[in-house]
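**Q** Coordinates only, no sequence provided:
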């Protein structure tokens, strides 16, 4: 009996320790169960609801029967506390477990170009030398804008399984963070947008786009005229969920 009691006490202490270490230094839970059990569970619940709402409004998936011979990719919740105006903001993001994807079935290509630092340095030098207009914008949940080319299935998110439809899975229409092809799909979407609006992709850097406006002045996502910049920003906002950050005043390499 003494041995059994000691074992129970040891297990109890282990469970308490496990509950503690499952929180990061910032108090961010690492699992859905931790988020539901921690002190700020109501705030994490609200953050998850906002994420699910955004995913539904973006038509990210449809609930369907899982076809025979196919598997549903698992997913997980990722939690982060950000500081906005000196106040904590609780963010939850649904992330697909891309390591479970099978090449040739769940994805084909994953390469996506990234802007070169040399390109940015040259661009900043030109802007400074010629006194050009240069603004910055942030794409809200950029990767979620990409379309899915493959037939891809995912399990329903933990905590948000639809009652009575537990047997159904999510057939993805849009990209999701964590998928192997996510960054590529976002680049393809943005590239198509820029080409549609008359921009040309640079051969030296596929993330650099240029064109000339109606007066013949060059536009390199920096321009000689404020009106030209405003037109492009308006076009971008109409296609993507973007935040206008105004003139560039800081850049971290």
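**A** Good, I have the coordinates. Because the structure is predicted, anything quoted here is derived from the model rather than measured.

**Q** what about the strands in the chain?
**A** 61-64, 75-84, 87-96, 135-139, 153-154, 169-172, 200-201, 209-212, 218-219, 242-247 (DSSP state E).

**Q** okay, these in CSV with distance to residue 183 next?
**A** C-beta: built from backbone N, CA, C; applies to glycine. CSV is the format used below for the strands of the chain (distance: least, CB to CB, whole Å):
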stretch, distance to residue 183
strand 61-64, 19
strand 75-84, 17
strand 87-96, 13
strand 135-139, 12
strand 153-154, 18
strand 169-172, 15
strand 200-201, 17
strand 209-212, 18
strand 218-219, 25
strand 242-247, 18
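
**Q** could you redo the ones you listed as JSON lines and give each row distance to residue 184 and mean neighbour count?
**A** Formatted as JSON lines, the strands of the chain follow (distance: least, CB to CB, whole Å; neighbours: other CB atoms under 10 Å):
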{"stretch": "strand 61-64", "distance to residue 184": "19", "mean neighbour count": "14"}
{"stretch": "strand 75-84", "distance to residue 184": "19", "mean neighbour count": "16"}
{"stretch": "strand 87-96", "distance to residue 184": "14", "mean neighbour count": "17"}
{"stretch": "strand 135-139", "distance to residue 184": "16", "mean neighbour count": "14"}
{"stretch": "strand 153-154", "distance to residue 184": "18", "mean neighbour count": "22"}
{"stretch": "strand 169-172", "distance to residue 184": "15", "mean neighbour count": "21"}
{"stretch": "strand 200-201", "distance to residue 184": "15", "mean neighbour count": "14"}
{"stretch": "strand 209-212", "distance to residue 184": "18", "mean neighbour count": "16"}
{"stretch": "strand 218-219", "distance to residue 184": "26", "mean neighbour count": "18"}
{"stretch": "strand 242-247", "distance to residue 184": "20", "mean neighbour count": "11"}
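
**Q** Compare those strands and give me the one nearest residue 160.
**A** For residue 160, the closest of these is strand 87-96, at 8.7 Å, according to CB to CB.

**Q** Quick one: closest of the strands of the chain to residue 122.
**A** It is, among those and with distance given as CB to CB, strand 209-212, at 12.4 Å.

**Q** sorry, back to before: hey, least reliable of the strands of the chain by pLDDT?
**A** Mean pLDDT per stretch puts strand 218-219 lowest among those, at a mean of 53.

**Q** related to what we said a few turns ago, nearest to residue 113, of the strands of the chain?
**A** Ranked by CB to CB, the member of the strands of the chain that lies closest to residue 113 is strand 200-201, at 9.5 Å.
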